[in-house]
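Q: Pasting a predicted model and its sequence here:
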Amino acid sequence: MDLGSTLQQAAALMLTGMMVVFIFLTTLIGLVKLMSKLVPEELPPQTASTTMPSSNVNGQIPGETIAAISAAVHKYRSRQR
């Protein structure tokens, strides 16, 4: 084999590979665009209206909340020992 025929084979192989990649990517882009039209968009979940926790007139934390936090801290500290 001489250098000329080797270069021709290399060029043919390179062009064949480039065409295969081009056809694959073109097909992939077409399929993605088709899927984007067929599959509906995901809508963000509707958020429920946020309600502010009720606070006392004086702005103090309710006793039930303080008791729950105290119990949780006590349980956490007892497990750490």
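A: Great, that's in hand. Numbering: from 1, shown residues only.

Q: and residue 53, what pLDDT?
A: You'll see residue 53 listed with a pLDDT of 59.

Q: hey, which helix is longest across this structure?
A: When the chain is parsed with DSSP state H, its longest helix is helix 3-38.

Q: what pLDDT, on average, does the following helix or strand past that one get?
A: Heading C-terminal from helix 3-38, the first helix or strand you meet, by DSSP states H and E, is helix 63-80. For helix 63-80, mean pLDDT rounds to 92.

Q: Repeat that for stretch 20-40.
A: Throughout stretch 20-40, pLDDT has a mean value of 95.

Q: next one: phi and psi at the most centrally placed residue in the chain?
A: For the chain, the residue sitting closest to the mean C-alpha position, by C-alpha atoms, centre = their mean, is residue 42 at 12.7 Å. For residue 42, the backbone dihedrals (degrees, to the nearest 10) come out as phi -80, psi 120.

Q: All further residue positions should be reported with the first residue as 27.
A: Sure, I'll start numbering at 27, so the last one becomes residue 68.

Q: gap between it and residue 38?
A: Using C-beta to C-beta, to the nearest Å, residue 68 is found at 46 Å from residue 38. Quick note: C-beta positions are derived from backbone N, CA and C, even for glycine.

Q: about what we covered before: tell me the helices and strands packed up against the longest helix of the chain.
A: Here helix 29-64 touches no other helix or strand, going by 3 or more C-beta pairs under 8 Å, 6 or more residues apart in numbering; DSSP states H and E.
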